[in-house]
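Peer 1: Build me a structure from this.
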Amino acid sequence: MPTVTVMMPAYNAEKYIAEAIESILNQSFQDFELLVLDDGSTDKTQEIVTAYQKQNAKIKFIQNPENKGLSYTRNRLLAEAKGKYLAILDSDDIALPSRLEKQVNYLEQNPKVGLLGTGVIYVDAEGKEQSVNVRLHDNKRIPCRLLFQNVMGQSTIMMRQAMKRFTYSMEYLTAEDYQLWVRMSYHTEIANLSEPLIRYRQHDQNISVARQALNSEYLQKIHCYQLAKLGIEPSEAQLKTHRQLSKRDDKVNSAFLATSLDWLWQLHQAQQAQNLYDTKAWGEELRFRAMLLITEALDEGRAVAEILDKHPLLPHLFTHFERWKYRQLALSKDSQPPLLTQTLYRLYKKLT
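Peer 2: This is a model prediction of the structure:
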């Protein structure tokens, strides 16, 4: 039995799959099998993989009789995988040479972690680097962050053999990975290595790009699933607020700040009742989200200062002095604060 099974789903992948396969064959850690599953391709995918298979016994090649879709294909890969650890690499992505070695070492040293990701280097269709995403790597914070957004990259994943009892849902299509990580998070620790070990290719054929409208619907279902765990059945307005908090692509004004803090306060009260997440990590996640909201809304001046004075959530997240600091920053956008306040704020700036 190999230590690692690398699972590679493929569909009409002739343009990129050779580079993906090469990136696994060139790993510093060599105790692996590469399991490639072709989902009814109509291009030269089969021909390319077969050529590699003839040259290297580590490669196992299987095919679906017809195109079955990504969730079905990923589940069949899970069923066929024999390794102690199961790694995912999609056929258009690239694993850096030390990827398997570093993930295996981490899982060997951290037996409570069942699911492990890494940072990501985003590249364009031609392989040119675009950006680097380090990913959240606080094990306790990741389940809290999953309530809002996915922080686990599909092609970065390595999991323990025991975790394959959790399979991909056929009902989520473009968000099948996010939904799976969420379900796993209630049964095992999840972690990310901060180091980017995958080159993730962004191009027009990516599922997330091609089906964004459907993706939004699936994300809402995943959020509802997690909110139900907290004992919350959200209204349409609350779901909209939650989605906006997750996306963070809308301008934050004082009205949205107030609505968002009200929602975070309701989440906080539910967490206190259910104790679903680590208490310290939960506080840090709420503090992070509130800080982003407040910082982006500061230009609205006195309206924001009034919210900072009155909202019941903020004393749970910030010290009195921190709240005062944000209040004065908000007021400074509106008008010149009183002389005493100016003097105190200048003193604060010197001390920090």
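Peer 1: going forward, measure contacts and count neighbours with C-alpha atoms only.
Peer 2: Fine.
Peer 1: which parts of the host helix or strand of Val182 are buried?
Peer 2: Using DSSP states H and E, Val182 sits within helix 176-185. Buried residues in helix 176-185, counted by 16 or more other CA atoms under 10 Å: 176-182, 184-185.
Peer 1: Stretch 265-277 now?
Peer 2: When burial is assessed from 16+ other CA under 10 Å, stretch 265-277 yields the following buried residues: 265, 267-268, 270-271, 277.
Peer 1: From these, pick the one nearest Arg135.
Peer 2: Tyr277 (19.4 Å; CA to CA).
Peer 1: can you tell me which residues contact Thr45?
Peer 2: 10-14, 17, 38 (CA atoms under 8 Å, 6 or more residues apart in numbering).
Peer 1: swap in Met7?
Peer 2: For Met7, the contacting residues are 34-37, 77-78, 81, 86-90, by CA under 8 Å, 6+ apart.
Peer 1: Name the residues linked to it by a beta bridge.
Peer 2: Met7 has these beta-bridge partners by DSSP bridges: Leu35, Ile88.
Peer 1: That one and Thr156: what is the separation?
Peer 2: Computed as CA to CA, to the nearest Å, the Met7 to Thr156 distance reads 11 Å.
Peer 1: Please enumerate the shared neighbours of these two.
Peer 2: 87-89.
Peer 1: tell me the domain ranges of the chain?
Peer 2: As recorded under automatic domain parsing, the domains making up the chain are 4-212, 233-351.
Peer 1: count of neighbours near Lys333?
Peer 2: 14 (other CA atoms under 10 Å).
Peer 1: got the contact list for the closest residue in space to it that isn't next to it in sequence?
Peer 2: Excluding the flanking residues, the one nearest Lys333 by CA to CA, 6 or more residues apart in numbering is Gly301, at 5.2 Å. Counting by CA under 8 Å, 6+ apart, Gly301 touches 329-334.
Peer 1: The residues you listed in helices, which ones?
Peer 2: When DSSP state H is applied, these are split such that 329-334 fall in helices.
Peer 1: Most neighbours among these, please name it.
Peer 2: Ala330 (24 neighbours).
Peer 1: Just give the nearest non-adjacent residue to that residue, would you?
Peer 2: Gly301 (4.3 Å).
Peer 1: which residues of the stretch 101-250 of the chain fall in strands?
Peer 2: Along the stretch 101-250 of the chain, counting by DSSP state E, counting those that start in this stretch, strands occupy 113-123, 129-133, 158-160, 189-201.
Peer 1: Relative to Lys247, which of the ones you listed is closest?
Peer 2: Of all these, strand 129-133 comes closest under CA to CA, at 16.1 Å.
Peer 1: Please enumerate residues in contact with that closest one?
Peer 2: 119-124, 196.
Peer 1: now do 10 Å
Peer 2: 118-124, 151, 194-196, 199-202 (CA atoms under 10 Å, 6 or more residues apart in numbering).
Peer 1: Looking at the most centrally placed residue in the chain now. What's its pLDDT?
Peer 2: Ranked by distance to the mean C-alpha position of the chain (CA atoms, centre = their mean), the top residue is Val151 at 1.3 Å. Listed pLDDT for Val151 reads 94.
Peer 1: cool, the one 10 residues further on as well?
Peer 2: According to the prediction, Gln161 has pLDDT 98.
Peer 1: State whether it and Tyr85 are indeed in contact, as I suppose.
Peer 2: Yes - in this structure Gln161 lies within contact range of Tyr85 using CA atoms under 10 Å: 5.4 Å.
Peer 1: overlap in contacts of these two?
Peer 2: 4-5, 114.
Peer 1: and which of those residues is nearest Lys58?
Peer 2: Out of the shared contacts of Gln161 and Tyr85, the member with the shortest distance to Lys58 (by CA to CA) is Thr5, at 9.7 Å.
Peer 1: count of neighbours near that closest one?
Peer 2: Neighbourhood size, Thr5 [other CA under 10 Å]: 27.
Peer 1: how about the nearest residue to Gln179, chain neighbours excluded?
Peer 2: Leaving aside its sequence neighbours, Gln179 sits nearest to Ile222 (CA to CA, 6+ apart; 6.1 Å).
Peer 1: these two touch, right, that neighbour and Thr174?
Peer 2: No - the pair formed by Ile222 and Thr174 falls short of the contact definition of CA under 10 Å, at 11.8 Å.
Peer 1: Now do the helices in the protein.
Peer 2: In the chain, the helices defined using DSSP H lie at 17-25, 45-55, 70-80, 99-109, 141-146, 176-185, 207-210, 212-229, 236-247, 254-274, 279-297, 302-310, 320-334, 339-351.
Peer 1: so which of those is the most packed in?
Peer 2: Burial of these is given as mean neighbour count (mean count of other CA atoms under 10 Å); helix 141-146 ranks first at a mean of 22.
Peer 1: ok, the nearest residue to Glu233 once chain neighbours are set aside - contacts?
Peer 2: Spatial nearest neighbour of Glu233, excluding adjacent residues (CA to CA, 6+ apart): Leu227 at 6.9 Å. If you count contacts by CA under 10 Å, 6+ apart, Leu227 has them with 147, 221, 233-234, 239, 267, 270.
Peer 1: which of those lies closest to Asp138?
Peer 2: Relative to Asp138, the closest of the contacts of Leu227 is Leu147; by CA to CA it sits at 14.8 Å.
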